[in-house]
Every structure is written in structure tokens, then in C-alpha cells.
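>>> sequence isn't available, so here's the structure alone:
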């Protein structure tokens, strides 16, 4: 166990997060790093091993954070808005001409040529709020013509790291051959908007998405271990990924994150550490990255009633820019490869849980215990915080 940040306030010696140990000791999950912070009081728990039979985790262990990539990309977009390079309500077509003259399926079951014209162009805000008209389709794979076409195009719209999509220009060319599922702005649909946003940011900035994120977000915040791959010098800190039950599903030395990707996925390609992500969350909370107005836009609910119906946002959750939000001001997001993050700016509380077990039937049991501990910590300080 380790408590306290690597720099700043004095370490706290007794961590409530030690109650998470049985989840690792029992073999339910191989490893975890967890953090709960309220102001200057910070607790960190570290359990398990980097790999089966390998050395114990240390605080700087590197994890695949999958969908927690989305808020970092959204923050970079807002920086470009501040630079005057992007207009939230402007069409994406000047930078992404491949997406001009969109067609929209008459229904999800329709053949790909059974379409109607899009009522309007896709905007930058549509991408930020996941209302561009395309995203994850709930249900069995291959059940609809558009799903089968999507799979054939190898666009990496499944589990992060499972496919190797083509470079960004070719990725967008292929994607543009598909019709939209909904009219732009009409419905919330998860995922794909963040990948399209990543291509847009690269073109707007004149650099690659990895370089943009490094220069504008990660380097200024001291996030030295966050990126789209793990360099060979850091592979000894890169946690092996598992399926529930213990089977290895991504080997650090040879897997998808051991080399720079051809297509850096804005929807789920990053790796990070607990202290790197805490730096990002604190920068949002305290205004250390974006102006207060931009943070307010990023962390408020942009969805109209019913826009996410039938999708998987839980009751009581809305969607900001690349992250989920709650009525009480909480914001954050999870990663399907075993990570979770939320910040409550009203109480100053942040919780970060990093594991490396893929979701196959929902999040691992350790999640509910972790968020229960966060709630208990806040109640003891007089401010409830419920995840």
C-alpha cells in the first residue's frame, strides 16, 4: 500500500482503500491502483502484480484507460476552440470534406442504399456531444446490414486494441462510405464521434492527434506516462490485461500498445497512470487547463430528454463533452478495460480506480466497493458523494 501524492501534501498513513485488498487477494482481479482525494487529503492503494508471476505493482504502473481517452480529446478540442481554430457550432465539412452530403438510413434494419438526405451538416458540437448520428449499436454483432458493413471496413469500433484500423485519412474515407444511423443532432450514440473528432483535431491543428495531446494537454500537466503506446523503456511498468477468470488478453511486450498505432483512436486509445490522470482531473477541477467557461460547457448535460433512450447511459446521467455528468455536478467516465474516474467539484472529491480486467458482463465487483469507500470517505467529512 502507498498513501499520499508523489509531490505536494504530506502522505496520509491510513488508507480506507485497504478494504479493496480482498478483490486482489482472492484472485478476482490481478491488480489495482486506486486513489481517492478530497482537497489535500489523498489516499492511494496499490495491490497485485504487473503480470502473472511478475513483480509487484508500484504507483507508476501504466494501464490502458480505453474510454477515459474521450474527455482528454474533448479538452484538446476546447483548447483549439479557444485558439479560434474551431467553432463549436460550425460545420465539420471544411476540415472533413469526406463527410459532406451525408445520407441517413431510413431505419436501422434498412439496406445501406435505403436512405434519406441529412437535414443539416454535422457540427463540431455534434462530435463533442456524441450526436453526429453514428455510434455503437446495441445488440448482437452483425445483426443489421450497417453492422456488417462496419465490420468489413475494419474501423476499430469494438474493443480497444482488437483491430488495427488504417491511418486517419483512409479511416475517414472508409467511414464516409457508410450512411448515418440518425439525423445529425437528433440522438446520442456512443463512441464513433470521438474517433471522428480525433481526425478533425489533427487537421485543425496541422499535427497528429498524439502530438497535439502531448503538446497541449499531457506535457503542460506533467502527464509523462500518458499516450497512445508504451515505449520500450516503460514496458516493465505496463500492466498485463486479462479477461475475467485470469486469461491474458493483451501482452505488454507484443500487444496493441507496444508500438505507435496507425490510427490513434480518440475513443479509446490512451494509456496512463493514476498520478497522470489525477493531474488531468485536478486541472479540470481547478481551472488549470481550460478557462472556467470551457470547463462549465464540458461538464454540463447537453442532452435533451429522450436523446439517449435505448442506449446505455444509466438513469440520472447526462452527457457533456466526452464524459458523463450528473445533476449534482459530478462528471467523469469509465473504461471498458477496467478503469473508472469521477470528480465532484462541489465537494472537491475525486476517485480513480485502475484495474486491467476487460468488461465482458459489466464492471468487476471491485468497482462497487471502491465507490462505496469514496462515498463513506465523503460522508465522514460531512459531504456525501455517491457514485
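On my side now, so go ahead. Quantities reported herein were computed from a predicted structural model and do not represent experimental measurements. Numbering: from 1, shown residues only.

>>> could you use CA atoms for every contact and neighbour count after this?
Noted.

>>> where does pLDDT dip in the stretch 201-350 of the chain?
Nowhere does the stretch 201-350 of the chain drop to pLDDT under 70.

>>> which stretches in it count as helices?
Here the stretch 201-350 of the chain has its helices, by DSSP state H, counting those that start in this stretch, at 209-213, 274-286, 292-298.

>>> for these, give me CSV that also has distance to residue 194.
Below are the helices of the stretch 201-350 of the chain laid out as CSV (distance: least, CA to CA, whole Å):
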stretch, distance to residue 194
helix 209-213, 12
helix 274-286, 18
helix 292-298, 14
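
>>> and of those, who's closest to residue 36?
helix 274-286 (9.6 Å; CA to CA).

>>> tell me the buried residues in the closest one?
Buried residues in helix 274-286, counted by 16 or more other CA atoms under 10 Å: 274, 275, 276, 277, 278, 279, 280, 281, 282, 283, 284, 285.

>>> got it, and stretch 227-241?
Neighbour-count burial for stretch 227-241 [16+ other CA under 10 Å]: 227, 228, 229, 230, 231, 235, 236, 237, 238, 239, 240, 241.

>>> run a quick neighbour tally on residue 247.
Residue 247 is flanked by 10 other residues according to other CA atoms under 10 Å.

>>> what's the answer for residue 291, then?
Residue 291 has 14 nearby residues by other CA under 10 Å.

>>> would you mind measuring from it to residue 66?
26 Å (CA to CA, to the nearest Å).

>>> helices of the stretch 51-200 of the chain, start to end?
Applying DSSP H, counting those that start in this stretch to the stretch 51-200 of the chain gives helices spanning 69-82, 124-129, 145-153, 168-175, 192-205.

>>> just these: most buried one?
Ranked by mean neighbour count, these are led by helix 124-129 with a mean of 26 (mean count of other CA atoms under 10 Å).

>>> for it, name the packing helices and strands.
The helices and strands touching helix 124-129, judged by 3 or more CA pairs under 8 Å, 6 or more residues apart in numbering; DSSP states H and E, are helix 192-205.

>>> output the contacting helices and strands for the helix it packs on.
Looks like helix 192-205 contacts helix 69-82, helix 124-129, helix 168-175, helix 209-213 (3+ CA pairs under 8 Å, 6+ apart).

>>> so how far is the shortest one off the chain centroid?
Spelled out, that is helix 209-213. How far helix 209-213 lies from its chain's middle: 15 Å, per CA atoms, centre = their mean, to the nearest Å.

>>> if you count contacts, what does it end up packed against?
Against helix 209-213 (3+ CA pairs under 8 Å, 6+ apart) you get helix 69-82, helix 192-205.

>>> looking at these, which is nearest to residue 312?
helix 192-205 (14.9 Å).

>>> helix 168-175 and that closest one, what's the angle between them?
140 degrees (axes from the mean of the first three to the mean of the last three CA atoms, to 10 degrees).

>>> residue 348 is in contact with residue 36, correct?
No. Under the contact definition of CA atoms under 8 Å, residue 36 does not touch residue 348, with a separation of 10.5 Å.

>>> the more surrounded of those two?
Ranked by neighbour count (other CA under 10 Å), residue 36 and residue 348 place residue 36 first, with 29 against 16.

>>> so that one bridges to which residues?
Per DSSP bridges, the residues bridged to residue 36 are residue 43, residue 351.

>>> that one and residue 277, how far apart?
Taken as CA to CA, the span from residue 36 to residue 277 is 12 Å.

>>> all strands for the protein, in order.
31-38, 41-48, 63-64, 103-105, 115-117, 241-242, 248-250, 271-272, 317-319, 324-326, 331-335, 339-344, 349-354 (DSSP state E).

>>> coming back round to it: which one of the helices of the stretch 201-350 of the chain lies closest to residue 28?
helix 274-286 (20.7 Å).

>>> okay, angle between the closest one and strand 349-354 too, please.
150 degrees.
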